[in-house]
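Visitor: prediction below, plus the sequence it came from.
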Amino acid sequence: MAETTPVVEMRNIKKNFGGVQALRGVDLVLHKNEVLGLVGDNAAGKSTLMKVLSGAYIPDEGEIFIEGSKVNITSPMRARQLGIEMVYQDLALADNLDVTANVFLGRELLSRKFGPISVLDKHTMEQETKRLLDRLKIDIPSVRANVERLSGGQRQAIAIARATAFDTKVTIMDEPTAALSVAASGMVLDLVRELKAQGNSIIIISHRLEDIYEVSDRLIVLRQGRKVRECPVIGELDEFREQVVAYIIGARDDFAESRLGRS
Ligand SMILES: Nc1ncnc2c1ncn2[C@@H]1O[C@H](COP(=O)(O)OP(=O)(O)O)[C@@H](O)[C@H]1O
Ligand SMILES: [Mg+2]
């Protein structure tokens, strides 16, 4: 029983922005140790749904359960306490800081105190960062390198490493490969596989269906704020892509019936 309780369950999530119905009653289940792909056209509601889960937006309606318990995710801090972290599309790394400082940004370790002054425990943070990058098989020349000097793939890897550093159960990635070359994307996808191998549960948003196909166990297609398709990722890539595109562009819709029942 406990094994089948989803790590995340979102029920009937609605979110409006003024007159825009960004989410019109979306259900989403993420199982433990699963990689779930979230796809859909621009403005389908993908980022909004994930911002609801990560505490950046409060939904107008709907319920969220984490490992079976109903929760109110009222802030990103609350989401973090629940083990949920989101890596944003426009990754927020501090360019002028080194790798270690970015990994620990906002949660620096303090060590000695000289009177009222705390000193950052740089050594421990560097060791922890090295351990983290090794564990995730991320290849960075030095944890003292300024992140602005690293490649796009390395930067994305650090943003993901940071998100997964602290007892993270659910890692959400919003278009992690959008700005990357094919080689750098491969590195990020390897990292997704590694996180899964280590027991993480992951939701990945991507408009590159090849990426979804490569790493996801299951996928959800959103269109105009509704779920129109939910299925395992199987078959040949061409066949997969053709079918998924039909849902993305609105030629097919598995939930049109239930929508009538619901609204
Ligand atoms: N903060 C916001 N204020 C106003 N409208 C928003 C906001 N965030 C998202 N939207 C609108 O909600 C809809 C869904 O957006 P979004 O979730 O970003 O879609 P996607 O990530 O699938 O491209 C769009 O019409 C978008 O313009
Ligand atoms: Mg988006």
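Guide: Ah, there it is. No experiment lies behind these values; they were computed from the predicted model shown. Ligands and ions are numbered 1, 2, ... in the order given.

Visitor: from here on, just use CA atoms for contacts and neighbour counts.
Guide: Will do.

Visitor: contacts for stretch 189-202, please.
Guide: 7, 30-36, 136-138, 157, 168-173, 211, 214-215 (C-alpha atoms under 8 Å, 6 or more residues apart in numbering).

Visitor: what about the residues you listed, which are in helices?
Guide: Taking DSSP state H as the definition of helices, those contribute 157, 211, 214-215.

Visitor: just to revisit the earlier point, buried ones only from the contacts of stretch 189-202, please, as a PyMOL command.
Guide: If you want just the buried ones from these in PyMOL, going by 16 or more other C-alpha atoms under 10 Å, the selection is:
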select buried, resi 7+30+31+32+33+34+35+36+136+138+157+168+169+170+171+172+173+211+215
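
Visitor: narrow the contacts of stretch 189-202 to those in strands?
Guide: 30, 35-36, 170-173 (DSSP state E).

Visitor: can I get the residues you listed in TSV with pLDDT and distance to residue 53?
Guide: As requested, the ones in strands among the contacts of stretch 189-202 are exported to TSV (pLDDT from 0 to 100; distance: C-alpha to C-alpha, whole Å):
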residue	pLDDT	distance to residue 53
30	98	12
35	98	16
36	98	14
170	97	10
171	96	11
172	97	9
173	95	12
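
Visitor: closest one to ligand 1 out of those, please.
Guide: When those are ranked by distance to ligand 1 (C-alpha to the nearest ligand atom), residue 173 comes first, at 11.5 Å.

Visitor: give me the phi and psi angles of whatever residue of the stretch 151-263 of the chain ends up closest to ligand 1.
Guide: In the stretch 151-263 of the chain, the residue that lies nearest ligand 1 is residue 225 (7.0 Å; C-alpha to the nearest ligand atom). Backbone geometry at residue 225, expressed as degrees, to the nearest 10, gives phi 80, psi 10.

Visitor: show me what contacts it?
Guide: So residue 225 contacts 21-26, 44-45 (C-alpha under 8 Å, 6+ apart).

Visitor: give me that answer again for 7 Å
Guide: 21-24, 44-45 (C-alpha atoms under 7 Å, 6 or more residues apart in numbering).

Visitor: which ones among those residues map onto strands?
Guide: Using DSSP E, those in strands are 21-24.

Visitor: return the closest of those residues with respect to residue 83.
Guide: Closest approach between the ones in strands among the contacts of residue 225 and residue 83, by C-alpha to C-alpha: residue 23, at 23.6 Å.

Visitor: look up how far residue 19 lies from the residue nearest to the closest one when sequence neighbours are not counted.
Guide: Spatial nearest neighbour of residue 23, chain neighbours left out: residue 225 (4.0 Å); criterion: C-alpha to C-alpha, 6 or more residues apart in numbering. From residue 225 over to residue 19 the distance is 13 Å, taken as C-alpha to C-alpha, to the nearest Å.

Visitor: surely residue 134 is within a helix?
Guide: Yes. Counting by DSSP: H, G, I helix; E, B strand; the rest coil, residue 134 is part of a helix.

Visitor: residues near it, how many?
Guide: A count of nearby residues for residue 134, using other C-alpha atoms under 10 Å, gives 12.
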